[in-house]
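> With the input below, show me the fold.
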Amino acid sequence: MSIENNKNFGLVPSVLICDSHYMTRSSFALLAKEIGSCEVVEASDIKTAKIKCEGVSFDLILLGIDEGNEEISLIKLIRDNHLLPQKDVPIIVMLKEITLEKLTELKSLNVAEIILKPTRMKTIYDTFLRYL
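Reported below is the predicted structural model:
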């Protein structure tokens, strides 16, 4: 179910934010709470995010990529429909640097947006609002 469909039925969209940096996660969660637009579930690592995705069908996923292997693996599991979020759920990734190889890989996994770190909260906010 897309976020737009959730709005039509009066349901609050659920968003998973997985990032190793506490300030990124908590700032986003606080922002979402302030505007009352969604329910935010936080995960500090990929292992926890995967467990959360086994039990909840999120409407949007924000994923901080540090090294990339585990994070890419999680995206592949979602895209292959092995976890609860629908395989076409919008995924926004945040990473420190981008190479042509990484860009190609992320685009092949149908990543909706790529945000470079460090980023201002406004950038995350603006990106987030495009999907709500």
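
> Could you report the pLDDT at the closest residue to Leu95 other than its chain neighbours?
Nearest residue to Leu95 in three dimensions, chain neighbours excluded: Ile65, at 4.2 Å (Cβ to Cβ, 6 or more residues apart in numbering). Using the backbone N, CA and C atoms, a C-beta is placed for each residue, glycine as well. Ile65 carries a pLDDT score of 90 in this model.

> show me what contacts Ile65?
Ile65 makes contact with Glu71, Ile72, Val93, Met94, Leu95, according to Cβ atoms under 8 Å, 6 or more residues apart in numbering.

> can you rerun that using 10 Å?
Taking Cβ atoms under 10 Å, 6 or more residues apart in numbering, we find Ile65 in contact with 18-20, 46, 71-72, 74-75, 93-98, 102, 106, 111, 114, 117.

> do Glu71 as well
Applying Cβ under 10 Å, 6+ apart to Glu71 gives the contacts Cys18, Asp45, Ile46, Ala49, Leu63, Gly64, Ile65, Ile91, Val93, Leu95, Leu106.

> my read is it is in a helix, agree?
Yes - Glu71 forms part of a helix when assessed by DSSP: H, G, I helix; E, B strand; the rest coil.

> Which is the succeeding secondary structure element to the lengthiest helix in the chain?
In the chain, taking DSSP state H as the definition, the longest helix is helix 22-35. Heading C-terminal from helix 22-35, the first helix or strand you meet, by DSSP states H and E, is strand 39-43.

> From the contacts of Ile65, which land in helices?
Among these, the members found in helices (DSSP H) are Ile46, Glu71, Ile72, Leu74, Ile75, Lys102, Leu106.

> Fine by me, thanks again.
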